[in-house]
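Undergrad: Have a look at this fold, sequence not included:
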């Protein structure tokens, strides 16, 4: 068993780290304060190929693996959680389902622009009444002639107003399963600018404040029939499989937040003096750091394992990676919350101020325990696999 | 159009310089990077590639580990990488290095050779111009801007307070400043391709028209007696006098030290 990274992965990490330090870190505080989407950074990431890392070259992507993609989100999130989730939602929640379930025409139409970052992607599943209970969908799609007519709304959509291409989940009818009526759920590709597709309120959030989180509203929004993604009635499976992949991205974001907070804390405790010596010399500090580093390392191994397992799925279309992704997200998110909280504690009063990055990181970390499946959902996924 | 870019793998001096007990650089303890001036030269070549569809070949001389900078260059968009490595080439000063690189470049077709102005480990700024002498082509050093016009290059050569605009017929050699441009990032896909690509490795036998007496340590007129970290200056002397008295005081001091 080899735990070392290949030379190409090492070089990719060097690239991501250099980019993050130079292009992302200097803006992180401002992005948080102003709640403005870092458009210029996204354009730079697009130029460097970060918006299409695991997309095959034939569709304009970089042709790399999911491990490289996870490392990109990790390194970006070490300095800015907002930037990390922009790449994650775009790649995992929009590019990936189109790549996995799209027809050849759909892939050729949408992926080159998305992978090159000329267009940004988003995903709409959550509704006011359908969060963890994704079956509770109310948004409807009705076929009229050659068009699907969408009505309803989606909330908490990452990249909301900034995206150009949206994968939207909606109810297309009812089906009978074991004598019970159930909603038939399908997936669609919707483009920005389609008449009847508008934006509602922008969420004011605790963390990842620069990511554009919006409500999407569909009022008699007509899309071509051929914009259905995958087969009719398979939307729930598409959504769940998409979230399995998305969890690797969010786990990588959480990992980066924890690692970033740890790095800053290590620097800080060496500088900060109390009682005539640096606080790094106190055993409490040392033990806290040891726990933080051990948990961050454990999270990294889980995240990389989940990414490698997904790479195996990409090759054989058989290997399941849902449980690995759930474990990685559960552990990395809880690690991020714990490590960033400890980081603030070790920074003392300064850590509670916006002058220090750990304050922002602690706020950013919280969402990783909630979105793309709460920690409780991850526990359900993991235990269901154990007890089946 | 064919462009040859010479690059060097150097220790990153950003985090300070580390020495072995014998005074030589402890290269193992320092991160190895592509020399910044060379990277700007590579970027200039890649921009010409984007504009004129030029073919960019990157050449480096060094230990087998120097292959890393060639992979980096390929990941940025260069077409080919050539590593010149051989035990007999070790210990080369600027003369032997330029002889080696010229010997390698004689095997290649080129319209333009771009090198960095100088490397951050040696800071001599000699290798580029020396290569041009060996190949008997014109050199324009300290380039801060490069344009192509027909079969000529038009280059702004930087000075402290001005720049000269020079035109030279190709083939010619240009030495680039780090200020020339902002080098592009590698791409993730470029990195994956770079590790699948073949790097050409040349040894002594592949160098064209070079005498043994001009290679390696034996062919190096410069012998480094000792290298050391910067000698720390003392605190100096502070005097509190009026302007005229200060001038007299300093002039007297300079006279005592035979500076003037």
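TA: Alright, I've got the coordinates. What you see is a predicted model; the values in this text were computed from it and never measured.

Undergrad: make it CA atoms for all contacts and neighbour counts henceforth
TA: OK.

Undergrad: and residue A:119, helix, strand or coil?
TA: Under DSSP: H, G, I helix; E, B strand; the rest coil, the three-state class of residue A:119 is coil.

Undergrad: So what's the residue count around it?
TA: 18 (other CA atoms under 10 Å in any protein chain shown).

Undergrad: go on, residue A:291?
TA: 14.

Undergrad: Same question for residue A:108.
TA: Residue A:108 has 16 neighbours, counted by other CA under 10 Å.

Undergrad: So it versus residue A:311, what's the distance?
TA: Remark: distance between residue A:108 and residue A:311 (CA to CA, to the nearest Å) = 22 Å.

Undergrad: again, but for residue A:259
TA: 24 Å.

Undergrad: can you pull the contacts of whatever residue of chain A ends up closest to chain B?
TA: Here chain A gets closest to chain B at one residue, residue A:62, 4.3 Å apart by CA to the nearest CA. Residues in contact with residue A:62 (CA atoms under 8 Å, 6 or more residues apart in numbering or on different chains) are A:49, A:52-56, A:115, B:187-190.

Undergrad: now the strands: where do they sit in the chain?
TA: Using chain A here. In chain A, the strands defined using DSSP state E lie at A:121-124, A:140-144, A:147-157, A:165-177, A:180-191, A:197-202, A:214-224, A:228-229, A:273-274, A:277-278.

Undergrad: other chain: chain B
TA: Under DSSP E, chain B gives strands at B:2-7, B:9-11, B:32-34, B:55-61, B:80-84, B:112-116, B:139-149, B:152-158, B:163-169, B:172-176, B:200-202.

Undergrad: Can you check which of those gets nearest to residue B:42?
TA: Closest to residue B:42 of the strands of chain B is strand B:2-7 (CA to CA; 6.1 Å).

Undergrad: Show me which residues of the stretch 51-200 of chain A sit near chain B.
TA: Contact residues, the stretch 51-200 of chain A versus chain B (CA under 8 Å from any CA of the partner chain): A:53, A:61-64, A:68.

Undergrad: residue ranges with poor pLDDT in the stretch 151-260 of chain B?
TA: Residues of the stretch 151-260 of chain B meeting the criterion pLDDT under 70: B:228-232.

Undergrad: Run through the residues that contact the residue in it positioned nearest to chain A.
TA: Across the stretch 151-260 of chain B, the shortest distance to chain A (CA to the nearest CA) belongs to residue B:189, at 4.3 Å. By CA under 8 Å, 6+ apart, the residues touching residue B:189 are A:49, A:53, A:61-64, B:75.

Undergrad: could I get the residues you listed as a markdown table with pLDDT and distance to residue A:362?
TA: Output for the contacts of residue B:189, formatted as a markdown table (pLDDT from 0 to 100; distance: CA to CA, whole Å):
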| residue | pLDDT | distance to residue A:362 |
| --- | --- | --- |
| A:49 | 97 | 29 |
| A:53 | 98 | 28 |
| A:61 | 98 | 33 |
| A:62 | 98 | 32 |
| A:63 | 98 | 34 |
| A:64 | 98 | 31 |
| B:75 | 98 | 36 |
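
Undergrad: Pull out the buried members of those.
TA: Neighbour counting with 16 or more other CA atoms under 10 Å in any protein chain shown marks A:49, A:53, A:61-64, B:75 as buried within those.

Undergrad: ok, back up a step: same list (the contacts of residue B:189) but as JSON lines, adding distance to residue B:8.
TA: Shown next, in JSON lines, are the contacts of residue B:189 (distance: CA to CA, whole Å):
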{"residue": "A:49", "distance to residue B:8": "26"}
{"residue": "A:53", "distance to residue B:8": "29"}
{"residue": "A:61", "distance to residue B:8": "31"}
{"residue": "A:62", "distance to residue B:8": "28"}
{"residue": "A:63", "distance to residue B:8": "29"}
{"residue": "A:64", "distance to residue B:8": "28"}
{"residue": "B:75", "distance to residue B:8": "16"}
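
Undergrad: tell me the phi and psi of the residue of chain A closest to chain B?
TA: Dihedral pair for residue A:62: phi -90, psi -20, per degrees, to the nearest 10.

Undergrad: who has more neighbours, residue A:259 and residue A:311?
TA: Per other CA under 10 Å, whichever of residue A:259 and residue A:311 has more neighbours is residue A:259, with 28 against 19.

Undergrad: List the ones among the buried ones among the contacts of residue B:189 that fall in helices.
TA: residue B:75 (DSSP state H).

Undergrad: longest helix anywhere in the chain?
TA: Unless you meant another one, I'm taking chain A. Longest helix in chain A, counting by DSSP H: helix A:235-271.

Undergrad: oops, chain B please
TA: Counting residues, the longest helix found in chain B (DSSP H) is helix B:36-52.

Undergrad: So what touches that helix?
TA: B:1, B:3, B:5-8, B:54-56, B:73, B:77-78, B:114-120, B:146, B:175-184.

Undergrad: ok, now stretch A:117-124?
TA: Stretch A:117-124 is contacted from outside by A:42-43, A:45-47, A:49, A:51-52, A:89-91, A:93-95, A:113-114, A:154-155, A:157-160, A:162-169, A:216, using CA under 8 Å, 6+ apart.

Undergrad: What is the end-to-end distance of that stretch?
TA: 19 Å.

Undergrad: Quick one: residues contacting residue B:180.
TA: Counting by CA under 8 Å, 6+ apart, residue B:180 has contacts B:40-41, B:44, B:143-145.

Undergrad: That should have said residue B:165, apologies.
TA: B:154-157.

Undergrad: Which of those are buried, as a ChimeraX select command?
TA: Buried residues among these (16+ other CA under 10 Å), as a ChimeraX selection:
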select /B:154,155,156,157
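
Undergrad: how about the residues of chain B that lie near chain A?
TA: Counting by CA under 8 Å from any CA, chain B comes close to chain A at B:185-192, B:195.

Undergrad: Filter these down to the ones in helices?
TA: Counting by DSSP H, those place B:188-192, B:195 in helices.

Undergrad: got a markdown table for those residues, with distance to residue A:178 too?
TA: Listed next are those as a markdown table, based on distance: CA to CA, whole Å:
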| residue | distance to residue A:178 |
| --- | --- |
| B:188 | 48 |
| B:189 | 48 |
| B:190 | 52 |
| B:191 | 52 |
| B:192 | 49 |
| B:195 | 54 |
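
Undergrad: Give me the buried entries from those residues.
TA: Neighbour counting with 16+ other CA under 10 Å marks B:188-192, B:195 as buried within these.

Undergrad: Mind telling me the two of those residues farthest from one another?
TA: B:188 and B:195 (11.1 Å).

Undergrad: so which residue of the stretch 1-150 of chain B comes closest to chain A?
TA: Using CA to the nearest CA, residue B:72 is the residue of the stretch 1-150 of chain B that sits closest to chain A, at 8.2 Å.

Undergrad: residues contacting residue A:102?
TA: Shown in contact with residue A:102 (CA under 8 Å, 6+ apart): A:229-230.

Undergrad: again but with residue A:371, I slipped
TA: Contacts of residue A:371 by CA under 8 Å, 6+ apart: none found.

Undergrad: re the thing from before, please identify, among the contacts of residue B:180, the one with the most neighbours.
TA: residue B:41 (30 neighbours).

Undergrad: how about the nearest residue to it, chain neighbours excluded?
TA: Computed as CA to CA, 6 or more residues apart in numbering or on different chains, the closest residue to residue B:41 that is not its neighbour in sequence is residue B:176, at 5.1 Å.
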